[in-house]
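# only the shape, not the letters, is given here:
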């Protein structure tokens, strides 16, 4: 039998939204007594859920990392951040010009470090991914990747973003060509040519839509030179923004489809189809879920306020003076503010994880299939890679996904 | 044939459909992994077994002494239950592992809580120590920078920066104020020379910058009805200079930001939670600083004849605490005025008698008219 001629094997995702939701709610509740430290455990549980429910040819992935590694990584990242903090503090006491130059300098350094962090975080996740008893891994150099990404982003500025397809293809390629499954190296056959068409079409379309939207908007009085803006003028702008969002989703779906479908592993090939409308559907669902959860929270908040300060609402009218008297105790008010904020934040991140995080993972997993899976049976395990302790910098810079 | 499972040997990416059997010989249990043709693929001693996390209704077993990726996978609720019933060691190890993680999480939490408590109680002390290490020249230049920025933001209407009320440093009023400042600061071992400026502004306010600059806005001066009130506020601001509160606050704000970032894992500190947390903690330090400055004013009042409680009266007149301020007192950078007044009255109870007043009648009337005639109080901005 010739490799690659067999039927493609679909990737299956077996997890449910309910299961993840329960886990997240339990995790959020535990974040409070642990002063936030439970986040390392929550991340670990989340990853175990995603990995364990992603099944390829009958065998699910396994995430072998643990929370302690993440905690240690975070502590190590502090070593980078404490000097940066000192620098920030020193800069904040200087004259305004020095402050602006200094802050820009720090921002550039952080932007550079983000590339390093992204690569290290990917290394951490890959080297803790097991499939059929064989571990994945990532080679290459995180500093090299950071430099590459930084250089490309420098080129993005003078080209007004036109260099993007080259940058994206180059970085995708670097990431996959340095990835390993056991002793077999991943390959990448994609190039900028696959991205150029959708990218430049979206680029031009976004430019045109933006200009038309702004033109109509200002013609209809959204941005008068003087006087109050006419709210009718915002209508074309909002429509234009929605269309721009659609174009962006269209491009993103093309990039994901074409780049993921360029990933090779020996004779095995990955094929992924992501539809723009599925991506849009996710954002729509997320928006609805968010609005719904905020309405529920607002109603709940009103009920609570109504019970603790019933007379302020007496007779169907709200009496702020009376209400404030009820809140005399500073600690009560403060606790209410903090708790309310935490609830809003929790609702947001819960909906984001359930509808965007899980939604995206499911979308890619369900759109994926692999040809030539049987060729992978001869892959052998490689030595251990235990040098990585966590992905601290990524955590601290907030670039770690999943 | 035992329980059906899948086996990965951890060396090659093979999948073996296997049957699992459990042998017990002389008290030593062994998991025997058999291929479909009954050949033996592995014998794992029960004591070495451990389970790793899998999805629902799936049991994934590994064993010490085997390749790290080697796994036996059993699926289906019934089969999983049967294996678990046969191998109580799995439960035991799982419990130990969970126990270890809980202990670690608790230890880390306690450590973090200790850091926070130490921070809350230690930083005012620590910050004042660190401030002692800051070269006065640096603090002075910092104060000048702040003053320049403030002038730029406040004086944009007239265009010419802030307007000093009485530009002649040798005028009666300016000399009296400078003399009072020097006398108030005396004995505090401050490395700074005071520079008190009365400037024109509609905002009733007075404040001290790092490095010894004190600003007193004309609107506040106009609202002062007695010498006590003006002198009290001025002594309070001199107190900020003597304690180097400006610098102290900068240091503690930086520390708070770092701590909150550590708790939230958001070192960029841009989230609302970070802002709110930092505000609560910094406001607490700031209230402490205000109380210290009030105490300083009361100490000055033991050397000169004025009632420091007047400063609370003036503050109260400029902006009385409303219900809202009372409700949000923990977020406020200043203590509630009533509390300050009460505290100041207690502090000024043992004031010696027969002291010289800080300003003569002529000086006080010169100060009153520094910014133009002592006009009737303007309409307040509040």
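Ah, there it is. All of these numbers come straight from a predicted model, not from anything done at the bench. Numbering: from 1, shown residues only, chains lettered A, B, ... in the order given.
# which intervals of the chain have sub-threshold pLDDT?
As the question left the chain open, I've gone with chain A. Across chain A, the stretches falling below the confidence threshold (pLDDT under 70) are A:1-6, A:222-227, A:308-330, A:333, A:384-402.
# hm, I was asking about chain B
Judged by pLDDT under 70, the stretches of chain B that qualify are B:1, B:154-161, B:265-274, B:320-331, B:373-382.
# which residues in it form strands?
Using DSSP state E, the strands found in chain B span residues B:3-8, B:16-25, B:28-35, B:40-45, B:49-52, B:58-63, B:71-75, B:195-199, B:206-208, B:213-217.
# the stretch 301-402 of chain A too?
Using DSSP state E, counting those that start in this stretch, the strands found in the stretch 301-402 of chain A span residues A:368-371.
# show me the contacts for the residue nearest to residue A:169 when sequence neighbours are not counted.
Counting by Cβ to Cβ, 6 or more residues apart in numbering or on different chains, the nearest residue to residue A:169 once its immediate chain neighbours are dropped is residue A:192, at 4.2 Å. Backbone N, C-alpha and C define where each C-beta goes, glycine included. Applying Cβ atoms under 8 Å, 6 or more residues apart in numbering or on different chains, we find residue A:192 in contact with A:165-166, A:168-170.
# can you add mean neighbour count and distance to residue B:141 and give the strands of chain B back as CSV?
Shown next, in CSV, are the strands of chain B (neighbours: other Cβ atoms under 10 Å in any protein chain shown; distance: least, Cβ to Cβ, whole Å):
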stretch, mean neighbour count, distance to residue B:141
strand B:3-8, 21, 67
strand B:16-25, 15, 75
strand B:28-35, 18, 74
strand B:40-45, 15, 71
strand B:49-52, 19, 60
strand B:58-63, 22, 63
strand B:71-75, 22, 65
strand B:195-199, 19, 14
strand B:206-208, 20, 16
strand B:213-217, 23, 12
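# of all these, which one is nearest chain A?
With Cβ to the nearest Cβ, the closest approach to chain A among these belongs to strand B:3-8: 2.9 Å.
# which strands and helices sit next to that closest one?
Packed against strand B:3-8 by the contact rule (3 or more Cβ pairs under 8 Å, 6 or more residues apart in numbering or on different chains; DSSP states H and E) you find strand B:16-25, strand B:71-75, helix B:77-86.
# follow-up on the earlier one: of the contacts of residue A:192, which belong to strands?
Those of those lying in strands (DSSP E): none at all.
# could you dump the helices and strands packed on strand B:3-8 into JSON lines with distance to chain A added?
JSON lines is the format used below for the helices and strands packed on strand B:3-8 (distance: least, Cβ to the nearest Cβ, whole Å):
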{"stretch": "strand B:16-25", "distance to chain A": "10"}
{"stretch": "strand B:71-75", "distance to chain A": "5"}
{"stretch": "helix B:77-86", "distance to chain A": "14"}
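# tell me how far residue A:152 lies from residue A:187.
21 Å (Cβ to Cβ, to the nearest Å).
# please apply the same query to residue B:15.
24 Å.
# which stretches of the stretch 151-300 of chain B form helices?
B:172-185, B:218-223, B:227-242, B:245-264, B:272-300 (DSSP state H, counting those that start in this stretch).
# so for chain A, which of the ones you listed sits nearest?
When the helices of the stretch 151-300 of chain B are ranked by proximity to chain A (Cβ to the nearest Cβ), helix B:245-264 comes first, at 4.2 Å.
# show me which residues of the stretch 1-150 of chain B sit near chain A.
By Cβ under 8 Å from any Cβ of the partner chain, the residues of the stretch 1-150 of chain B that approach chain A are B:6, B:8-15, B:52-56, B:58, B:60, B:67-71, B:73, B:101, B:104-105, B:108-109, B:112-113, B:116, B:138, B:142, B:145, B:148-149.
# one more pass at 7 Å, please.
Within reach of chain A by Cβ under 7 Å from any Cβ of the partner chain, the stretch 1-150 of chain B has these residues: B:6, B:8-15, B:52-55, B:60, B:67-71, B:101, B:104-105, B:108-109, B:112-113, B:142, B:145, B:149.
# now, of those, which are buried?
By the neighbour-count criterion of 16 or more other Cβ atoms under 10 Å in any protein chain shown, the residues of the stretch 1-150 of chain B next to chain A include these buried positions: B:6, B:8-15, B:52-55, B:60, B:67, B:69-71, B:105, B:108-109, B:112, B:142, B:145.
# report the contact partners of residue B:40.
Applying Cβ atoms under 7 Å, 6 or more residues apart in numbering or on different chains to residue B:40 gives the contacts B:32, B:34.
# for residue B:220, same thing?
Taking Cβ under 7 Å, 6+ apart as the contact definition, residue B:220 lies against B:204-206, B:233, B:318.
# ok, 8 Å please
Counting by Cβ under 8 Å, 6+ apart, residue B:220 makes contact with B:204-206, B:233, B:314, B:318.
# just the closest of the contacts of residue A:192 to residue A:116, please.
Top of the list for closeness to residue A:116, among the contacts of residue A:192 and by Cβ to Cβ, is residue A:170 at 16.8 Å.
# for chain B, see how far away that closest one is.
27 Å (Cβ to the nearest Cβ, to the nearest Å).
# re the thing from before, save the helices and strands packed on strand B:3-8 as CSV, and put in distance to residue B:332 too.
Written out in CSV, the entries for the helices and strands packed on strand B:3-8 read as follows (distance: least, Cβ to Cβ, whole Å):
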stretch, distance to residue B:332
strand B:16-25, 67
strand B:71-75, 59
helix B:77-86, 58
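# longest helix anywhere in chain B?
Using DSSP state H to assign secondary structure, the helix with the most residues in chain B is helix B:88-133.
# what angle separates that helix from helix B:77-86?
Comparing the axes of helix B:88-133 and helix B:77-86 via axes from the mean of the first three to the mean of the last three Cα atoms, to 10 degrees yields an angle of 80 degrees.
# in chain A, which spans are helices?
Assigned helices in chain A, in chain order: A:17-31, A:39-52, A:67-92, A:96-126, A:142-156, A:164-177, A:192-219, A:234-260, A:276-308, A:320-326, A:330-351, A:358-366, A:392-397 (criterion: DSSP H).
# before we move on, the earlier item: residue A:28: which of the helices and strands packed on strand B:3-8 is closest?
So among these, helix B:77-86 is nearest, using Cβ to Cβ, at 28.7 Å.
# what residues does the stretch 51-200 of chain A put near chain B?
Taking Cβ under 8 Å from any Cβ as the test, the list of the stretch 51-200 of chain A residues beside chain B reads A:52-53, A:58-60, A:62-64, A:67-68, A:71, A:74, A:77-78, A:81-82, A:85, A:88-89, A:92-96, A:130-135, A:181-182.
# mind redoing it with 6 Å?
Within the stretch 51-200 of chain A, the positions near chain B by Cβ under 6 Å from any Cβ of the partner chain are A:52-53, A:81, A:85, A:89, A:93, A:95, A:130, A:132-135.
# buried subset of those residues?
Burial by neighbour count, judged by 16+ other Cβ under 10 Å, picks out A:52-53, A:81, A:85, A:89, A:93, A:130, A:132-135 from these.
# quick one: which of those is nearest to residue A:24?
For residue A:24, the nearest member of those is residue A:53. The distance, counting by Cβ to Cβ, is 14.7 Å.
# what is the neighbour count of the nearest residue in space to residue A:163 that is not next to it in sequence?
Closest residue to residue A:163 apart from its sequence neighbours, by Cβ to Cβ, 6+ apart: residue A:155 at 4.8 Å. The local packing count at residue A:155 equals 15, with neighbours defined by other Cβ atoms under 10 Å in any protein chain shown.
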